[in-house]
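>>> here are the coordinates; sequence isn't available:
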Ligand code: HEM
């Protein structure tokens with residue numbers, strides 16, 4: 001990775017394509033959970049979006065690991081890298097809480113009669129937290145080049 005002129009940037013491009021796919025898909029779902037585009041059923045949108053979000057990790061994680069290995073000792077000492085990893089775990093925890101606590105009742109609040117009221121506060125909080133965490137992860141990733 002360090003010896004090749006093109007390998008690191010090529011792997012970084014794969015990382016960025018994955019980030020675009022992950023954040024793009026998650027942001028659309030989060031905006032729906034915040035109450036936008038109420039005509040679209042949350043359950044249908046979720047089943048369309050989640051496979052793409054999962055596929056994005058197949059691009060992001062191997063490329064991130066490759067770049068990490070190339071500068072492991074610098075990165076492990078970087079507070080920004082540690083913060084980025086903690087934020088990713090926080091995003092996973094937030095998603096886990098959403099799917100175990102909020103999503104099981106989707107049939108009730110996403111039914112045709114209830115849909116116009118929008119998702120419950122717990123879903124909106126989860127979506128807002130998710131957006132804030134993923135934007136912070138992207139910021140930390142970019143800041144790695146500077147700190
Ligand atoms: C899961 C979501 C992730 C997001 C949203 C994300 C975001 C980013 C962003 C925005 C960059 C900057 C790209 C650029 O400026 O060219 C970056 C770079 C990087 N990421 Fe990630 N990343 C993620 C996961 C990971 C993982 C799991 C690892 C490693 C285990 C990792 C390791 C790195 C490394 C080493 C860099 C390169 C820093 C540099 O060379 O300046 N990332 N990431």
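Perfect, I can see it now. Everything quoted here is computed from the prediction, not taken from an experiment.
>>> which residues of the chain fall in helices?
Counting by DSSP state H, the chain has helices at residues 7-33, 42-70, 72-76, 79-97, 106-109, 121-143.
>>> mind listing what residue 27 touches?
Shown in contact with residue 27 (C-beta atoms under 8 Å, 6 or more residues apart in numbering): 131, 134. For glycine as for every other residue, the C-beta is placed from the backbone atoms N, C-alpha and C.
>>> still on that earlier bit, the helices of the chain into a markdown table, with extra columns for distance to residue 115 and mean pLDDT?
Shown next, in a markdown table, are the helices of the chain (distance: least, C-beta to C-beta, whole Å; pLDDT from 0 to 100):
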| stretch | distance to residue 115 | mean pLDDT |
| --- | --- | --- |
| helix 7-33 | 11 | 98 |
| helix 42-70 | 8 | 98 |
| helix 72-76 | 45 | 97 |
| helix 79-97 | 22 | 98 |
| helix 106-109 | 8 | 96 |
| helix 121-143 | 12 | 98 |
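>>> Make CSV from those helices and add distance to the ligand to it.
Formatted as CSV, the helices of the chain follow (distance: least, C-beta to the nearest ligand atom, whole Å):
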stretch, distance to the ligand
helix 7-33, 4
helix 42-70, 2
helix 72-76, 6
helix 79-97, 5
helix 106-109, 25
helix 121-143, 2
